Structures are given as structure tokens and as C-alpha cells.
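Visitor: Give me coordinates for this.
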Amino acid sequence: MARISLIVFAALALVVGVEAAAQAQAKVAYVDLQRALLEVEEGKNAKARLKVYFDEKQSLLDAESDRIKKLKEELERQDMMITPDAKAKKEEEFQKSLLEVQKLYMGLQNELKQKESEAVQPILDKMVEILKGVAEKDGYDLILDKNSSGIVYAPMKYDLTNELIRLYDEKYGKSKGKK
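Guide: Numbers count the residues shown, from 1 in each chain. Below is the predicted model:
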């Protein structure tokens, strides 16, 4: 009985040892998806479109901000010359305008986040597909995103970012990005 237990224990130790050795052989890499997104052609184009959209909305916000400043200056200039009722009415108008601009700002911020997500998510989805192909082809067990995984330091030999950018632009670059 002791001999059977010893054989079972030895076999179990062998299996656990082989499994531990296999885990020690895991092939791991990382990518900087943020950098890749900014460097692939499709990402550069998306960023340029977002900048144009942002600049248009910023102009609208700047115009509203200027309008609020003028209202405030007018209120301060007329402070001593108007009746308390007229002053209260102007202050109420100013507060209402200020609230409208704040709502506009929040709305535009949410709209910009939505537009950014709509522009970026398809690119990220394509990058993930490319990375899955690289993992299968080159035998990677794990590929981490440098920015969201908490990697503080890793040698460059484990960085697949340049490879991802090259493969992405080969597949979806300038002439193929319109798919």
C-alpha cells in the first residue's frame, strides 16, 4: 500500500513539475496600443478628423464664453446706474446664460468622447485581431497592453508595438484603409 502511494505521489509530482515547467515556458509580450493608435495611418486620419470636429466645437464654445464675459462686463458697468429690480433681472439673465454655457460644455465634452470612441474602437478591434494572429503564428501565450496592464518596465525585446504598426498599415494602410 505504501509502495502504491509512493508511486502515485511520484507520478503526481512529475505531472505538477511538467505543468510548472510548461508554465515557466510561457511566451509573453506587450504592446503600446495608445502609441500604435497614434502612429498607424488610419489612426492619424481619425485624429485629424477629430481635431477638425473639436476645433469647430471649441469655436462655438469660445463664442458663448465671449458672450458671457460681455454680459458680465455690462452688468458690472451698469451696476450703479440701474434699479435694484433691473439689476436682479440682469443677474438672473447672466446666471441663466452661464448655466446654458456649462450645459453646452458638458454636452460637447460627452459628444467628443462619443465621437472619439466611434473613431477609435474599430481601429482597436482590428489591432486586436492582428495581435491574435501574431500570438497564434508566433506562439505567444499572453500579449498585454502596456498602458492598461500596469507594466512599469519590460525589456524592448518583448515589445510588439512596431510589429503591430507595420502589420496594421500593411493590411489597412493608405490604399486599403477605405475597406
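Visitor: shaky segments in the chain?
Guide: 1-24, 174-179 (pLDDT under 70).
Visitor: what are the ranges of the helices in it?
Guide: Using DSSP state H, the helices of the chain run over 2-24, 33-39, 41-77, 84-138, 161-172.
Visitor: Kindly reformat those as TSV containing mean neighbour count.
Guide: All C-beta spots, glycine's among them, are computed from the backbone N, C-alpha and C. Formatted as TSV, those follow (neighbours: other Cβ atoms under 10 Å):
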stretch	mean neighbour count
helix 2-24	9
helix 33-39	18
helix 41-77	13
helix 84-138	13
helix 161-172	18
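Visitor: so can I have TSV of these showing distance to residue 145?
Guide: What follows is the helices of the chain, written out as TSV (distance: least, Cβ to Cβ, whole Å):
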stretch	distance to residue 145
helix 2-24	22
helix 33-39	5
helix 41-77	15
helix 84-138	9
helix 161-172	10
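Visitor: got a list of what the residue nearest to residue 145 when sequence neighbours are not counted touches?
Guide: Nearest residue to residue 145 in three dimensions, chain neighbours excluded: residue 33, at 4.9 Å (Cβ to Cβ, 6 or more residues apart in numbering). Counting by Cβ atoms under 8 Å, 6 or more residues apart in numbering, residue 33 touches 124, 127, 145, 146, 147, 148.
Visitor: Pull the most distant pair out of those residues.
Guide: Between any two of the contacts of residue 33, the greatest separation by Cβ to Cβ is 14.1 Å, found for 124 and 146.
Visitor: quick revisit: and the residue nearest to residue 145, how far from residue 114?
Guide: Residue 33 sits 20 Å away from residue 114, going by Cβ to Cβ, to the nearest Å.
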